[in-house]
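K.L.:
Provide a 3D model corresponding to the input given below.
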Amino acid sequence: MSIPFWKGKDAKVIFFQDGKQIPVDVDSWSVKPNVTDIADGVCGEERDRLDYEINYYDINLECKQQTTDALEAVLDDGDNQDAHVLPLDKSVAFSLKCNDGTNRAFAAGGDVTIGAWDFSAGGRTERNKFTLPLRSQYFKKIKTT
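P.N.:
Next up, the predicted model:
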């Protein structure tokens, strides 16, 4: 018997800034390494020797907001950048409940920066959207309880 795939309802995303959890209701998310592909063409060899270097990780959170806390957090981060002081500490945690009864968790850390975010509403009856693009130095598995 095969194990069913986990679904979005089984995944929780938590965003932290300056030691505080920032409420974001995540509709969808993605994590992707940004890499430099390497192909070394060595004389006398039929094919290139392939490798890659991970530069950082791109994280994209598509959210809805019940309040403007997430928007205010990114504005605070921008104000902090403008003040030329130490960056606010940021991290993102991903908690997954797999259908084999196990839990898995991952975290984005190191230097985490906010990219060109987007705050919008599509019309009179449309729900708001808040797109939060992030970059992180690391994306690692973390222990669950």
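K.L.:
next up, the contacts around the residue nearest in space to the middle of the chain.
P.N.:
Central residue of the chain (CA atoms, centre = their mean): residue 59, 3.0 Å from the mean position. With contacts defined as CB atoms under 8 Å, 6 or more residues apart in numbering, residue 59 is in contact with 29, 30, 31, 32, 92, 108, 133, 134, 135, 136, 139. All C-beta atoms are positioned from the backbone trio N, CA, C, and that covers glycine.
K.L.:
try it again with 7 Å
P.N.:
The contact partners of residue 59, taken as CB atoms under 7 Å, 6 or more residues apart in numbering, are 31, 92, 108, 134, 136.
K.L.:
again with residue 127
P.N.:
Taking CB under 7 Å, 6+ apart, one finds residue 64 in contact with residue 127.
K.L.:
quick one: it from residue 116, how far?
P.N.:
If you measure residue 127 against residue 116 using CB to CB, to the nearest Å, the figure is 21 Å.
K.L.:
and residue 53, bridged to which residues?
P.N.:
Note on residue 53: beta-bridge partners by DSSP bridges are residue 36.
K.L.:
is it true that it touches residue 37?
P.N.:
No: applying CB atoms under 7 Å, one finds residue 53 not in contact with residue 37, separated by 8.6 Å.
K.L.:
circling back to that earlier point, could you give the number of residues near the closest residue to the residue nearest to the centre of the chain other than its chain neighbours?
P.N.:
Once flanking residues are discounted, residue 59 sits nearest to residue 134: 4.2 Å by CB to CB, 6 or more residues apart in numbering. By other CB atoms under 10 Å, the residues close to residue 134 number 21.
K.L.:
the one 10 residues further on too?
P.N.:
Other residues within reach of residue 144 by the criterion other CB under 10 Å amount to 12.
K.L.:
now swap in residue 106 and tell me
P.N.:
Residue 106, neighbours per other CB under 10 Å, totals 15.
K.L.:
start at 225 instead
P.N.:
Shifting the count to begin at 225 puts that one at residue 330.
K.L.:
quickly list what it is bridged to.
P.N.:
Applying DSSP bridges to residue 330 gives these bridge partners: residue 318, residue 365.
K.L.:
rewinding a little: most neighbours out of the contacts of residue 283, which is it?
P.N.:
Busiest of these [other CB under 10 Å] is residue 316, holding 26 neighbours.
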